[in-house]
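S.K.: based on what follows, work out the 3D shape:
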Amino acid sequence: MYAISLTSIPPRFDRLRPILERLLRQEPAPSQVLLCLPRHYRRFPEPFIAPDLPKGVRVIWSESDLGPATKVLPAARVLTGSGKHLIYCDDDWLMPPHWAKSLLSVQRPGEAVAGSGYSVSRLGRVSGCPAGMVDIAQGFSGVLIDPAWLSGTAFEPPEPAWPVDDIWLSGLLSRQGIRVRIAPEARTGLSLHLEDTHGLQDAMIAGQDRDSANRACVDYLYEKYGIWPPIS
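M.R.: Okay, the predicted model is just below:
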């Protein structure tokens, strides 16, 4: 059994239903889809109304805004001990029916699976990944985990990691010795549904662009946990 989790932001709520319906129609179907939302948004401080949801989608409320990592951390806490796998993803891509199966079919004990990812060598860091593995799991095409791996409150992102969940979450897996297997079939047939100015990919956060934020997070992870040392 498995569940799917994601988060979203108020400017996208009125266009979210097709994304959720595609997730519900996966083959095999998830036991539930969890939409994780903060009660108050850091980037969108105005009051908001929760989106209208299709049957089978459950809202998980987070007392704090964990940034894009809200897509998985509240759900991981809820599902730990349930015996279910958890797939987390983004809110702007339409998933084909085979997407979840492509991730589930290559999962091995003690490994995460991602549809897309890359090496930390791109960020000037030493990578020890063997063939078929990546350091950084990219959430847009889905990441399969055991929810226990990300269920602790200590996993909430510090300020340098707040806007860059792919780096932060992958670092949390790496420090536990959990490798990320790549499943390229999972990204076959994905189509971009939402293309707007609200995503963090091209946003400036605290004066940093995406690349600078990625590097700041990698610096933090190295200083805090000793993972991904600089290439000398």
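
S.K.: what is the burial count for residue 109?
M.R.: Counted with other C-beta atoms under 10 Å, residues neighbouring residue 109 total 5. All C-beta atoms are positioned from the backbone trio N, CA, C, and that covers glycine.

S.K.: nope, residue 50 is what I meant
M.R.: By other C-beta under 10 Å, neighbour count at residue 50 equals 11.

S.K.: pretty sure it contacts residue 60?
M.R.: No: counting by C-beta atoms under 8 Å, residue 50 does not reach residue 60; the two are 11.4 Å apart.

S.K.: give me the common contacts of those two.
M.R.: Overlap of the contact sets of residue 50 and residue 60 (by C-beta atoms under 8 Å, 6 or more residues apart in numbering) consists of residue 37.

S.K.: same for the helix ranked longest in the chain, what does it pack against?
M.R.: In the chain, assigned by DSSP state H, the helix with the most residues is helix 210-225. Judged by 3 or more C-beta pairs under 8 Å, 6 or more residues apart in numbering; DSSP states H and E, helix 210-225 is in contact with helix 165-175.

S.K.: pretty sure residue 84 contacts residue 1?
M.R.: Yes: contact status for residue 84 versus residue 1: in contact at 4.8 Å, counting by C-beta under 8 Å.

S.K.: the two: who's more crowded?
M.R.: Between residue 84 and residue 1, counted using other C-beta under 10 Å, the more crowded position is residue 84 (17 against 10).

S.K.: now do the same contact list for that one.
M.R.: By C-beta under 8 Å, 6+ apart, the contact set of residue 84 is 1, 2, 3, 31, 147.

S.K.: with those residues in mind, which one is nearest to residue 228?
M.R.: Among the contacts of residue 84, residue 147 lies closest to residue 228 (C-beta to C-beta), at 23.9 Å.

S.K.: about what we covered before: what do residue 84 and residue 1 both touch?
M.R.: With contacts defined as C-beta under 8 Å, 6+ apart, the residues shared by residue 84 and residue 1 are residue 31.

S.K.: quick revisit: dump the contacts of residue 84 to a markdown table, plus secondary structure and distance to residue 160.
M.R.: Below are the contacts of residue 84 laid out as a markdown table (DSSP: H, G, I helix; E, B strand; the rest coil; distance: C-beta to C-beta, whole Å):
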| residue | secondary structure | distance to residue 160 |
| --- | --- | --- |
| 1 | coil | 35 |
| 2 | strand | 31 |
| 3 | strand | 29 |
| 31 | coil | 35 |
| 147 | helix | 25 |
